[in-house]
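[1] Pasted the sequence and its predicted model underneath.
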Amino acid sequence: MKRFIRTYLFSLDHKMIGKQYLITGLLMSLVGGYLAYVFRHQLAWPGSPVPGYGMVGPDQYNGFVTMHGTIMVFWVAMPILLSGFGNYLLPLMIGARDMAFPRLNMLSYWTFFLSTVVLITSFFVPGGPASGGWTSYPPLSDQPGFTGVFWGGHLWILAVALEFTSMLMGGINFLTTTLALRAKGMCLFRMPIFVWMENIASLLFMFSVGPLIAGAFMLLADRLVNTGFFMPSAGGDPLLFQHLFWFFGHPEVYVLLLPSLGILAEVFTVFSRKTLFGYRTIVYATLVAGVLSFVVWAHHQFISGMDPRLAAPFSVTTILISVPFAISLFSFIATLWGGSIEFTTAMLFAVGMLAEFMIGGVTGIFNGSAAADIYLHDTYFVVAHFHYTLFPVTFFGAFAGIYHWFPKMYGRFLNEKWGKVHFWVTALSFNVIFIPLFLLGLAGHQRRIFDPTVFDYLAKYQHLHVIATFAMITMLLGQIPFIANFIISIYKGRLADRNPWKGTTLEWVAPSPPGHGNFENDPVVHRGPYDYSLPGRDREWVSQTEE
Amino acid sequence: MKIAEANENQVPLWRLGVWWFLGSEIVVFGGLLACYTLYRFHHPEWGMEAAHTLSWVGAINTVVLLTSSLTMILAHERVEQCDLSGAVKFLGITILLGLLFLSFKGYEYHHEISNGLLPSKSLFWSFYYLMTGLHGLHVVGGLIANGVVWQGLKKGKNPHRIESVGIYWHFVDVVWIYLFPLLYLASPGGAL
């Protein structure tokens, strides 16, 4: 029993902590998906009882929309991409035996777990969960009287604060580990792109979240001790919260995107048997994008009532930030060019992520231009846009990573045939959900509307809601093969050796699954991370440890 | 087998960790100070409210906190000279000065609250209580860390930890250096 607790619960091993984050995140995605199912059912067939839930009232609807956003961003995307894969892979990839501060790492996971408990609790307190939107804008979130939610709002702030604390501890660990514990010969420009991305993401998080923590204190004070930081009646300003939120919120988008792009780089190189196109270019472009991400935030606030003279500069920086990302994405495409591509499930998800994310990126240009945004702001167009960015980044990225590194994590393969079923159902239904939402948005459908049928001009678009909801249910059902595959393969999957995909980076040098301490002998690095198809070699891949 | 081990000739792990931690702390206080300062430009009348703070107690507290930083440095110096009993003495003084700071701060709060200057009185007082309160919590956290290191020093264990708590203690000090003039001293007339 004691052994079980040391190994599976209070483990100091970065790999177990990574798995804990990964699995907690996956379980939370089921909660977030269930909420989406309930409110999408309400949108398609307003007023009819939802199978598996019952009647949805306007208050529950608001609460569910709020919690869906909160959970998917902070309790799914961040723990899976940043903490889950980061914890599991980062020490392996740089040839370290563990994180720099294993006990801090354990504390970070359990702080996160506590935040999860607090968040789930908020569903069951009187008044229900927070319902001021996932952005929690005051004055709606500021006075319990406005939403009728008292405890839920407090618990929301507490849960988010705990989650941020946990991620900050993780970030300190990532940065310190990368700076101090790299294997001999692993200079910075020999690190796999994934390691760069995790570190840049940690930096962005660390330097953007502070003002929002300050904002959360102010919001909590407004709710608890009747201060008026965000209340105009007391001399405060609700716009201030929007600035604090998006000063964090925009870098946060890249905190989620970068680890996912890191996964993409690893998967692309392995399954196209080519070196990464423009390694240094990608690193520099990402650093530039990271800096720029701190000066684009007000593009979320074009019609918030801020000084309209700010719209032009923020439009310009927003368009500007697409340049470094375009450089990175084209480099990834160029990596595929002329490669011997093998469409494993991981590769399908990675390519799918790139394709879908492009749609998200391009529709972002519409929203980023102040003129177009005046019409599009807060419509379903925006909803479709950010789902086209965040869904591929979170789920396609996570699935690519899971199918790719599952053999390392458990020593067994996931079933490829069911994996491909999983991919095609997910990818197709994803597009059928969100393309109709673009159309709804262009037709002027505002988001966060409980019952669209009360508006005459939306009546003729109701079928789009129905299509999206059917696709959404299909997508949820499409996850069943994945869940079954995941559980069965842990015990029954085909056995994998230490380097099943013939990869070059250090995690493939360790046994599958690696023991505590990772490597039998500390690896020594002699070359960059992606040496595939080198001329004059008898094998078409050369591990980083080979001379 | 030792799991975490830095290469030779490198910054020790704990020092890196402390600095990253401070980096994340700086943006929390930075965000608050920026909000306050922006508001302050728009509200010159806050100077009248600030006149109700007990600036002389704040001034004494500034001296107390700065002195505690000095004794922290002296404790660090003693550790480097391998004089652990001297270090125990100076770290003990640092802790006492920290407690003295909190006592004065408590006296101020008592004075203000009993005169009806509550956090909800006006936005100035909201900021005053939030910023000094958050700073006070950091002082408490620093005192706990100092206490742990002090206990260790008495038994001769982990003397190098004095540097970590020292860096943190100076940070808490520096935050106060910003808070004191911004909240207590900014003049009643005109903008900052």
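    Here it is on my side, so go on.
[2] So, low pLDDT: which residues of chain B?
    B:1-10, B:187-192 (pLDDT under 70).
[3] Tell me where it has helices.
    With DSSP state H applied, chain B shows helices at B:13-42, B:46-50, B:55-80, B:84-114, B:123-154, B:161-179, listed in chain order.
[4] Any idea how many residues pack against residue 50?
    This is for chain A. Applying other C-beta atoms under 10 Å in any protein chain shown, we find 16 residues neighbouring residue A:50. Just so you know, the C-beta spots here come from the backbone N, C-alpha and C atoms, and that holds for glycine as well.
[5] Not quite, go with chain B.
    A total of 20 residues lie near residue B:50 under the criterion other C-beta under 10 Å.
[6] Tell me which residues touch residue 159, please.
    Unless you meant another one, I'm taking chain A. Residues counted as contacts of residue A:159 (C-beta atoms under 8 Å, 6 or more residues apart in numbering or on different chains) are A:115, A:116, A:118, A:119, A:122.
[7] wait, I meant chain B there
    Neighbouring residues of residue B:159 by C-beta under 8 Å, 6+ apart: B:79, B:84, B:87, B:152, B:153.
[8] my guess is the fourth one contacts residue B:160, does it?
    Yep, that's residue B:152 we're talking about. No - Residue B:152 lies out of contact with residue B:160 (C-beta atoms under 8 Å); the separation is 10.0 Å.
[9] So which residue is smack in the middle of chain B?
    Among the residues of chain B, residue B:172 comes closest to the average C-alpha position under C-alpha atoms, centre = their mean, at 2.4 Å.
[10] wait, it sits on residue B:135?
    Yes - at 7.1 Å, residue B:172 counts as touching residue B:135 under the criterion of C-beta under 8 Å.
[11] re earlier: which ones are touching the residue nearest to the centre of chain B?
    Residue B:172 makes contact with B:65, B:135, B:138, B:139, B:142 under the criterion C-beta under 8 Å, 6+ apart.
[12] Taking those residues together, which two end up most distant?
    Farthest apart among the contacts of residue B:172 by C-beta to C-beta are B:65 and B:138. That separation is 11.4 Å.
[13] quick one: which of those two has more around it?
    Neighbours per residue (other C-beta under 10 Å) separate residue B:65 from residue B:138, with residue B:65 holding more: 24 against 19.
[14] Might one say that the more buried one is in contact with residue B:173?
    Yes - Residue B:65 lies in contact with residue B:173 (C-beta under 8 Å); the separation is 5.3 Å.
[15] Show me how to select, in ChimeraX, the buried members of the contacts of residue B:159.
    Buried members of the contacts of residue B:159 can be picked out in ChimeraX with the line below, counting by 16 or more other C-beta atoms under 10 Å in any protein chain shown:
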select /B:79,84,87,153
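[16] Out of the contacts of residue B:159, the closest to residue A:392 would be?
    Nearest to residue A:392 among the contacts of residue B:159, counting by C-beta to C-beta, is residue B:152 at 50.0 Å.
[17] which secondary structure element contains residue A:352?
    Assessed by DSSP states H and E, residue A:352 sits inside helix A:345-368.
[18] which other residues reach the very next helix or strand once past that helix?
    Going down the chain from helix A:345-368, the next helix or strand is helix A:370-376, by DSSP H and E. Residues from elsewhere that reach helix A:370-376 (C-beta under 8 Å, 6+ apart): A:299, A:302, A:303, A:311, A:312, A:314, A:315, A:366, A:367, A:382, A:441, A:442.
[19] show me what contacts the first one?
    Taking C-beta under 8 Å, 6+ apart as the contact definition, residue A:299 lies against A:250, A:314, A:315, A:317, A:318, A:367, A:368, A:370, A:373.
[20] how close does it get to chain B?
    20 Å (C-beta to the nearest C-beta, to the nearest Å).
[21] Would you mind giving the secondary structure of that residue?
    helix (DSSP: H, G, I helix; E, B strand; the rest coil).
[22] what about the closest residue to residue B:29 other than its chain neighbours, neighbour count?
    For residue B:29, ignoring the flanking residues on the chain, the nearest one in space by C-beta to C-beta, 6 or more residues apart in numbering or on different chains is residue B:175 at 5.4 Å. By other C-beta under 10 Å, 23 other residues sit near residue B:175.
[23] can you check residue B:51 too?
    Residue B:51: 12 surrounding residues under other C-beta under 10 Å.
[24] Distance of it relative to chain A?
    Noted for residue B:51: a distance of 18 Å to chain A, by C-beta to the nearest C-beta.
[25] what number of residues lie near the closest residue in space to residue A:72 that isn't next to it in sequence?
    Once flanking residues are discounted, residue A:72 sits nearest to residue A:32: 4.5 Å by C-beta to C-beta, 6+ apart. Residues lying near residue A:32 (other C-beta under 10 Å) number 20.
[26] Wait, residue A:32 touches residue A:74, no?
    No - using C-beta under 8 Å, residue A:32 is not in contact with residue A:74, being 10.3 Å away.
[27] Got the phi and psi for residue A:517?
    phi 110, psi -10 (degrees, to the nearest 10).
[28] my bad, should have said residue A:524
    According to degrees, to the nearest 10, residue A:524 has phi -120, psi 130.
[29] and it, what is it in contact with?
    Residues in contact with residue A:524 (C-beta under 8 Å, 6+ apart) are A:183, A:184, A:185, A:545.
[30] which of the residues you listed lies closest to chain B?
    Using C-beta to the nearest C-beta, the shortest approach to chain B within the contacts of residue A:524 belongs to residue A:184, at 7.7 Å.
[31] ok, how many other residues are close to the closest one?
    11.
[32] State the distance from the closest residue to it other than its chain neighbours to chain B.
    Nearest residue to residue A:184 in three dimensions, chain neighbours excluded: residue A:524, at 4.7 Å (C-beta to C-beta, 6+ apart). According to C-beta to the nearest C-beta, residue A:524 stands 12 Å off from chain B.
[33] just the helices in the stretch 251-400 of chain A please.
    Listed in chain order, the helices found in the stretch 251-400 of chain A under DSSP state H, counting those that start in this stretch are A:279-292, A:311-336, A:345-368, A:370-376, A:380-391, A:397-410.
[34] from these, which stretch is densest packed?
    Of these, the one with the most neighbours on average (mean count of other C-beta atoms under 10 Å in any protein chain shown) is helix A:397-410, at a mean of 25.
[35] pLDDT of the next helix or strand after it, averaged?
    For helix A:397-410, the succeeding helix or strand toward the C-terminus, using DSSP H and E, is helix A:416-442. For helix A:416-442, mean pLDDT rounds to 97.
[36] Could I get the buried residue list for helix A:416-442?
    In terms of neighbour count (16+ other C-beta under 10 Å), helix A:416-442 has its buried residues at A:418-423, A:425-427, A:429-430, A:433-442.
[37] list the helices and strands that helix packs on?
    Applying 3 or more C-beta pairs under 8 Å, 6 or more residues apart in numbering or on different chains; DSSP states H and E, one finds that helix A:416-442 makes contact with helix A:345-368, helix A:380-391, helix A:397-410, helix A:462-492.
[38] With distance to chain B and mean pLDDT as new columns, can those helices be given to me in CSV?
    Listed next are the helices and strands packed on helix A:416-442 as CSV, based on distance: least, C-beta to the nearest C-beta, whole Å; pLDDT from 0 to 100:
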stretch, distance to chain B, mean pLDDT
helix A:345-368, 24, 95
helix A:380-391, 24, 97
helix A:397-410, 19, 97
helix A:462-492, 26, 97
